[in-house]
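Participant: Below is the structure, and that's it, no one-letter string:
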Ligand SMILES: NC(=O)c1ccc[n+]([C@@H]2O[C@H](COP(=O)([O-])OP(=O)(O)OC[C@H]3O[C@@H](n4cnc5c(N)ncnc54)[C@H](OP(=O)(O)O)[C@@H]3O)[C@@H](O)[C@H]2O)c1
């Protein structure tokens, strides 16, 4: 049984990845993972022609990740697509944000993503691919989203290096680095109405990000950023001093 796995499929970008994979029909079954199973049910009902498995997991909790490990063992799936999309951010200075919130962010965005890649790779073979969702926050350290930015630095670096390792197995890994998207992310992070930088920035379209990044992943690319504006930012981040750029990146 060929399988595509999407974490954080209950809203925003994750939903768009579902529509993209559902449209392609390249896998026998799509596993949709998130905490809000009612959302996953509603999503699956939109495409009764697509076989879905709804997996309610809190990916911050180690014991729930163990359930995912057991599921892999019992199903022995042929994983063709893995999309590590679940993640969140928090706006505010490190000293003002809660210790737990920031630790949970590191766990979900970095630790869980690493665990899921490691576990899933035991069930992946030539021609399959991984998409890990990073952010433009991985180009320049982002004051007032310091921990979030650091987690996305991890995601981009991890994915680039993983891609290198996986070349010999014919598996690709792509880091997707979107700019702001109008999803629940903005409310969860406390960004809505609280950041002039965010208000000024152009918006990425989640549907386009999902569709285009799947094409890039299949072509064997390593990093994908939507919109010329953010592609330019990525180039500038390599050329200009970070101390200067942080005056711009500050949220
Ligand atoms: N929106 C932006 O401006 C933006 C920009 C750059 C990068 N990104 C990245 O894009 C990815 C998707 O975010 P989005 O914009 O689509 O935000 P979103 O609408 O808030 O979606 C986040 C998804 O992650 C899931 N999730 C959160 N905590 C979880 C947990 N503990 N266990 C399992 N699932 C969990 C949520 O599902 P449940 O709540 O149902 O569990 C939801 O499906 C994230 O990695 C984010 O960092 C977003």
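Facilitator: Here it is on my side, so go on. Remember, it's a predicted structure, so these values are computed and weren't measured experimentally.

Participant: Now do the residue of the stretch 51-200 of the chain found nearest the ligand, the pLDDT please.
Facilitator: Scanning the stretch 51-200 of the chain for the residue nearest the ligand gives residue 87, at 2.5 Å (criterion: CB to the nearest ligand atom). In this view, the C-beta of every residue, glycine as well, is placed from N, C-alpha and C. Residue 87 is assigned 98 on the pLDDT scale.

Participant: What is the burial count for it?
Facilitator: Neighbour count for residue 87, taken as other CB atoms under 10 Å: 26.

Participant: Would you mind pulling up the elements that the strand or helix carrying residue 244 packs against?
Facilitator: Taking DSSP states H and E as the definition, residue 244 sits inside helix 242-249. Applying 3 or more CB pairs under 8 Å, 6 or more residues apart in numbering; DSSP states H and E, we find helix 242-249 packed against no helix or strand.

Participant: Sort out which residues of that helix are buried, please.
Facilitator: Residues 245, 249 are the ones in helix 242-249 that count as buried (16 or more other CB atoms under 10 Å).

Participant: Is the host helix or strand of residue 74 in proximity to the ligand?
Facilitator: Taking DSSP H and E as the definition, residue 74 sits inside helix 62-75. No - using CB under 6 Å from any ligand atom, helix 62-75 stays clear of the ligand, coming no nearer than 7.8 Å.

Participant: follow-up on the earlier one: how about the contacts made by the residue of the stretch 51-200 of the chain closest to the ligand?
Facilitator: Counting by CB atoms under 8 Å, 6 or more residues apart in numbering, residue 87 touches 8, 108, 109, 113, 133, 151.

Participant: Let's see which of these end up in helices.
Facilitator: Among the contacts of residue 87, DSSP state H puts 113, 151 in helices.

Participant: Would you mind marking which of the contacts of residue 87 are also close to the ligand?
Facilitator: 8, 108, 133.

Participant: What is the burial count for the first one?
Facilitator: Same thing as residue 8. So residue 8, with other CB under 10 Å, has 24 neighbours.

Participant: Identify the spatial nearest neighbour of it, chain neighbours not counted.
Facilitator: residue 86 (3.2 Å; CB to CB, 6 or more residues apart in numbering).

Participant: Sticking with residue 19, tell me its helix or strand.
Facilitator: Residue-wise, residue 19 maps onto helix 12-24 under DSSP H and E.

Participant: Show me how far that helix is from its chain's centre.
Facilitator: 13 Å (CA atoms, centre = their mean, to the nearest Å).

Participant: angle of the helix or strand following it against helix 12-24?
Facilitator: Counting by DSSP H and E, the next helix or strand C-terminal to helix 12-24 is strand 29-34. Interaxial angle, strand 29-34 versus helix 12-24 (axes from the mean of the first three to the mean of the last three CA atoms, to 10 degrees): 170 degrees.

Participant: and strand 29-34, which strands flank it?
Facilitator: Next to strand 29-34 in the sheet, as set by DSSP bridges, lie strand 2-7 (parallel), strand 52-56 (parallel).

Participant: Redo those as a markdown table? Include mean pLDDT, mean neighbour count and distance to the ligand.
Facilitator: Shown next, in a markdown table, are the strands paired with strand 29-34 (pLDDT from 0 to 100; neighbours: other CB atoms under 10 Å; distance: least, CB to the nearest ligand atom, whole Å):
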| stretch | mean pLDDT | mean neighbour count | distance to the ligand |
| --- | --- | --- | --- |
| strand 2-7 | 98 | 25 | 6 |
| strand 52-56 | 98 | 18 | 9 |
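
Participant: so can I have CSV of those strands showing distance to residue 171?
Facilitator: Formatted as CSV, the strands paired with strand 29-34 follow (distance: least, CB to CB, whole Å):
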stretch, distance to residue 171
strand 2-7, 14
strand 52-56, 22
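
Participant: who wins for proximity to residue 99 among those?
Facilitator: strand 2-7 (24.4 Å; CB to CB).
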